[in-house]
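# With the sequence up front, the predicted model follows.
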Amino acid sequence: ILNVEQSPQSLHVQEGDSTNFTCSFPSSNFYALHWYRWETAKSPEALFVMTLNGDEKKKGRISATLNTKEGYSYLYIKGSQPEDSATYLCASPTGNQFYFGTGTSLTVIP
Amino acid sequence: DSGVTQTPKHLITATGQRVTLRCSPRSGDLSVYWYQQSLDQGLQFLIQYYNGEERAKGNILERFSAQQFPDLHSELNLSSLELGDSALYFCASSVAAGGPGGALFFGEGSRLTVL
């Protein structure tokens, strides 16, 4: 089982704060790094798929970076809003194995 | 709407019984993945199919089996059910066979309750 780890496990921030979380993965046999957003009572939705070392992706106030040499990715949220409250999952598929980390649960307090 | 359809949405059954969960992938997607989410647990990868063939197995119990049919829909069969099998079962589809591939698109899940 691929050891994908996420930190912190949970996070509470005030509306307007910027925040970031980490996804760590084995740097050997790297193929891709996926980020998903999972709102309560809904299903996970893809945010980013990154494949290249140094890759940076952005979608609105959310962005992500990738370091494949050291095996980590950061997800940043700028100016958090209550609607950003969700669990953020990362996954680093190897071959056909597609394991997710346990996620970072973000709560944005109005 | 992700385009992935799962049925049933909710299912209540008794221990020892057998159930079948169904998944229709997005149009054009050949890969189907099954995941289990138990209480306070993350997404546990169960199994993956690509164009009718099993491609990867994760933490799937021997009491569970799956298949993907020629029309690309997939079914997850859960037998000899135990209380601990109560969970939300997600299906996800992707255009790719695996590796970097594309993003996964998730269905809304099937919530199984075993009494």
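Yep, that arrived.
# Find me the pLDDT at residue B:99, would you?
pLDDT for residue B:99: 55.
# just residue B:40 next, same as before
Taking residue B:40 on its own, its pLDDT is 74.
# And residue A:30, by the same measure?
Listed pLDDT for residue A:30 reads 83.
# you'd agree it is up against residue A:69?
No: here residue A:30 lies out of contact with residue A:69, judged by CB atoms under 8 Å, at a distance of 9.1 Å. Backbone N, C-alpha and C define where each C-beta goes, glycine included.
# Centre-most residue in chain B?
With distances taken as CA atoms, centre = their mean, residue B:34 lies nearest the centre of chain B, 3.1 Å away.
# what about residue A:30 and residue A:69, which has more around it?
residue A:30 (18 against 10; other CB atoms under 10 Å in any protein chain shown).
# Check which helices and strands the helix or strand where residue B:113 lies is in contact with.
Using DSSP states H and E, residue B:113 sits within strand B:110-114. On a contact count with 3 or more CB pairs under 8 Å, 6 or more residues apart in numbering or on different chains; DSSP states H and E, strand B:110-114 meets strand B:10-13, strand B:19-24, strand B:87-94.
# Tell me the gap between the helix or strand just after the longest one and the middle of its chain.
Going back to what we said before, that points to strand B:87-94. Following strand B:87-94 in sequence order, the next helix or strand is strand B:105-106 (DSSP H and E). From the chain centre to the centre of strand B:105-106 is a distance of 11 Å (CA atoms, centre = their mean, to the nearest Å).
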